[in-house]
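Chemist: okay, structure incoming, though there's no sequence with it:
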């Protein structure tokens, strides 16, 4: 009976707050002419309806549960004076604003929208331009960053910020955002249980996605294209990356994805196309690579060492200069039922599995790892001869690194 009464009291309280909540209109000809003034006048759970126009304001502090909604995309111009919106309350929604001219500082990470120690926040349908940092979540949980467009004009890493940044934030959805022209498109640090889905992160100076010390995160359906060095995943565990596209991350130190000290992860159904290195792996263990497409990369997979108990199953390796690069003779990783476009074996029993095992590590890749200048000999007949010799009798490459069941047809 007591529990029923308690639930009834909570219901009455929340119904009461929604009934008392009011809408405050903000515009040049309204009674309330500035966003700061509207916040000061508002009570908990009110809505500020910000009409079309330009509002030259910065350091706007949202310190109570409110909904800020822009009508016809009003402009908030920070005039390069500092941070623009700072949320320090639970239950805040920011929707439909166009925010420009965030201040740049070498000592303070000014953001267009910063959310600090808040719960149950929603940032959606926002356009950010001429920014330092875009959306910055700091020790904030159980929120959503949805359908925003973040367009930076960064030229150098040292004086630019990240598009969407999460720091010590948990249980957040980052969904359907477009981020370009910043330092890192999406950056996470010490942020667990994050869902990053259906975002497009392109043309950023450093990484399309960069995260460190962040566990049990899920990344699906994202596109990371033409970034300085693709995606970096470091010092984390329990990561799932599915159905993402890593494309045209090309340069002397570029890759589709860098894995460093990653354990117990799943990389499934992704496409790595036209990257200098599809996946660059170091110190990463117990990872399942399955149903991925590696297409026209310099190196499809480059293993730098200390990578154990990984499995590569049902992947397609298509027209890469090197399918697998390995710098150690030790190997306990499993390669099984992959399709290799360079495979020249046969299938006499017509079961779809090659009768001759495939050795994906070429001696030439071993040589290039130690002497990069030899890459100019990539298409020479001499290299074909020594690769064939190593394949027949492995001396420098792992003799047990082979796919004993290579597919004759591309895996779907």
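Modeler: Perfect, thanks for sending it. Here the structure is a predicted model, which is why all the values come from computation and not from measurement.
Chemist: show me where the stretch 301-412 of the chain has strands.
Modeler: 311-313, 316-318, 322-326, 334-336, 339-340 (DSSP state E, counting those that start in this stretch).
Chemist: most tightly packed of the ones you listed?
Modeler: strand 322-326 (a mean of 26; mean count of other Cβ atoms under 10 Å). For the C-beta atoms, the positions are set from N, CA and C on the backbone; glycine is no exception.
Chemist: spatially central residue for this protein, please.
Modeler: residue 209 (3.3 Å; Cα atoms, centre = their mean).
Chemist: neighbours of the spatially closest residue to that one that is not a sequence neighbour, just the number please.
Modeler: Leaving aside its chain neighbours, residue 209 sits nearest to residue 231 (4.4 Å; criterion: Cβ to Cβ, 6 or more residues apart in numbering). When counting by other Cβ atoms under 10 Å, one arrives at 27 neighbours for residue 231.
Chemist: equivalent analysis for residue 220, please.
Modeler: 18.
Chemist: what's across from it in the sheet?
Modeler: Using DSSP bridges, the bridge partners assigned to residue 220 are residue 197, residue 242.
Chemist: distance check, residue 240 against residue 273.
Modeler: Distance from residue 240 to residue 273, counting by Cβ to Cβ, to the nearest Å: 21 Å.
Chemist: follow-up on the earlier one: of all the strands of the stretch 301-412 of the chain, which lies closest to residue 224?
Modeler: Among the strands of the stretch 301-412 of the chain, the nearest to residue 224 by Cβ to Cβ is strand 316-318 (19.1 Å).
Chemist: averaged pLDDT, that closest one. What do you get?
Modeler: Averaging pLDDT along strand 316-318 yields 98.
Chemist: partners of it, with directions?
Modeler: Sheet pairing of strand 316-318 (DSSP bridges) gives strand 293-295 (parallel), strand 339-340 (parallel).
Chemist: what lies in contact with that strand?
Modeler: 292-296, 300, 323, 338-342, 360, 410-411 (Cβ atoms under 8 Å, 6 or more residues apart in numbering).
Chemist: for ChimeraX, write a command that selects the buried ones of those.
Modeler: To isolate the buried subset of these in ChimeraX, counting by 16 or more other Cβ atoms under 10 Å, use the following:
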select :292,293,294,295,300,323,338,339,340,360
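Chemist: nearest to residue 314, of the contacts of strand 316-318?
Modeler: Closest approach to residue 314 among the contacts of strand 316-318 (Cβ to Cβ): residue 411, at 4.7 Å.
Chemist: verify the contact between that closest one and residue 352 for me.
Modeler: No - applying Cβ atoms under 8 Å, one finds residue 411 not in contact with residue 352, separated by 10.1 Å.
Chemist: which neighbours do those two share?
Modeler: Counting by Cβ under 8 Å, 6+ apart, nothing touches both residue 411 and residue 352.
Chemist: adding distance to residue 399, write the strands of the stretch 301-412 of the chain out as TSV.
Modeler: Shown next, in TSV, are the strands of the stretch 301-412 of the chain (distance: least, Cβ to Cβ, whole Å):
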stretch	distance to residue 399
strand 311-313	17
strand 316-318	20
strand 322-326	11
strand 334-336	13
strand 339-340	18
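Chemist: re earlier: have a look at residue 240 and residue 273 and say which one is more surrounded.
Modeler: Neighbour tally, residue 240 and residue 273, criterion other Cβ under 10 Å: the higher count belongs to residue 273, 19 against 15.
Chemist: ok, now which ones touch the spatially closest residue to that one that is not a sequence neighbour?
Modeler: Excluding the flanking residues, the one nearest residue 273 by Cβ to Cβ, 6+ apart is residue 295, at 4.3 Å. Residue 295 is in contact with 271-274, 316, 318-320, counting by Cβ under 8 Å, 6+ apart.
Chemist: circling back to that earlier point, the strands of the stretch 301-412 of the chain: which one's closest to residue 249?
Modeler: Once the strands of the stretch 301-412 of the chain are compared by Cβ to Cβ, strand 322-326 is nearest, at 16.5 Å.
Chemist: which other helices and strands contact the closest one?
Modeler: strand 299-303, helix 363-370 (3 or more Cβ pairs under 8 Å, 6 or more residues apart in numbering; DSSP states H and E).
Chemist: same thing but at 6 Å, please
Modeler: strand 299-303 (3 or more Cβ pairs under 6 Å, 6 or more residues apart in numbering; DSSP states H and E).
Chemist: beta partners of the nearest residue to residue 334 once chain neighbours are set aside?
Modeler: Distances taken as Cβ to Cβ, 6+ apart place residue 311 nearest to residue 334, at 4.3 Å, with adjacent residues excluded. Assessed by DSSP bridges, residue 311 has beta-bridge partners residue 288, residue 334.
Chemist: hang on, the earlier thing: among the contacts of residue 295, which two are most distant?
Modeler: Among those, the pair separated by the greatest distance (Cβ to Cβ) is 274 and 316, at 14.7 Å.
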